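# only geometry, no sequence info:
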């Protein structure tokens, strides 16, 4: 990418520039000194509609640090979790359209338009996308006590006990929820979805035995798998994850 975020904001047509700015994840280029002298003139708020510890929270804090490291100015992360990320998105939509409010969005931002009959904002009209910053695959994890070592064994148990196996997620409409539904459709099994307020909480539910499994983001699940608290069975990406090369793709 040859232009900085500031250049992109300044080059937007007035109608687009007055839209709220939505960040689709992280790694911003440093602004030139000329732009830095005029923007930003005050701290920039980066709204993260997820709780601390989630993958998108990490992205938001990475972005905030890039503002500081690049000499652009100060950026502050504002965690506003709840209602499938709609609370934070609504706050961003109703903020002054002056370029000082950025929003980290993820899968629920697009999915919510199909889950809710009425949103407090217009997904297309009220936001202007800036940059795609990053992504992470999900990892299918189970408690070590589960008598399965691979995906095929898990599918076999799920088919023999339709609807009994529970899988947790960070909330309805999240990538973890969508991964679970897609897995059930493709494998021909019926599982019960148990939503939590955040991905770390959904992972903890598997550790404690409240749920059987979870499709957690690799960044959140990795430590629990490496420590042996959970067993990883596969990843949702098209290729294996280098940090867990022993785990096959679920496909």
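It's in. Keep in mind that this is a model prediction, so the values were computed, not measured. Numbers count the residues shown, from 1 in each chain.
# And residue 228, how far from residue 145?
Separation of residue 228 from residue 145 (CB to CB, to the nearest Å): 12 Å. All C-beta atoms are positioned from the backbone trio N, CA, C, and that covers glycine.
# average model confidence for stretch 52-70?
Taken as a whole, stretch 52-70 carries a mean pLDDT of 87.
# Mind listing what's buried along that stretch?
54-64, 66-67 (16 or more other CB atoms under 10 Å).
# of all those, which comes closest to residue 192?
Comparing the buried residues of stretch 52-70 against residue 192 with CB to CB picks out residue 54 as the nearest, at 22.9 Å.
# Might one say that the closest one is in contact with residue 200?
Yes. In this structure residue 54 lies within contact range of residue 200 using CB atoms under 8 Å: 6.8 Å.
# Touching both of these two, which residues are there?
Between them, residue 54 and residue 200 share the neighbouring residues 170, 220, with contact defined by CB atoms under 8 Å, 6 or more residues apart in numbering.
# follow-up on the earlier one: mind listing which of the buried residues of stretch 52-70 are in helices?
Residues of those located in helices (DSSP state H): 55, 56, 57, 58, 59, 60, 61, 62, 63, 64, 66, 67.
# now those in JSON lines, with distance to residue 232?
Written out in JSON lines, the entries for these read as follows (distance: CB to CB, whole Å):
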{"residue": "55", "distance to residue 232": "16"}
{"residue": "56", "distance to residue 232": "21"}
{"residue": "57", "distance to residue 232": "22"}
{"residue": "58", "distance to residue 232": "20"}
{"residue": "59", "distance to residue 232": "22"}
{"residue": "60", "distance to residue 232": "26"}
{"residue": "61", "distance to residue 232": "25"}
{"residue": "62", "distance to residue 232": "24"}
{"residue": "63", "distance to residue 232": "28"}
{"residue": "64", "distance to residue 232": "30"}
{"residue": "66", "distance to residue 232": "31"}
{"residue": "67", "distance to residue 232": "35"}
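# from the residues you listed, which is closest to residue 158?
Proximity of those to residue 158 was ranked by CB to CB; the top entry is residue 55 with 26.2 Å.
# can you pull the contacts of the closest one?
With contacts taken as CB under 8 Å, 6+ apart, residue 55 has the following neighbours: 106, 136, 199, 217, 219, 220.
# at 10 Å instead, please
Shown here is residue 55, whose contacts under the criterion CB atoms under 10 Å, 6 or more residues apart in numbering are 25, 104, 106, 134-136, 138, 170, 175, 199-200, 216-220.
# Which members of those residues are positioned in helices?
Counted as lying in helices by DSSP H, out of those, are 175, 199, 200, 218, 219, 220.
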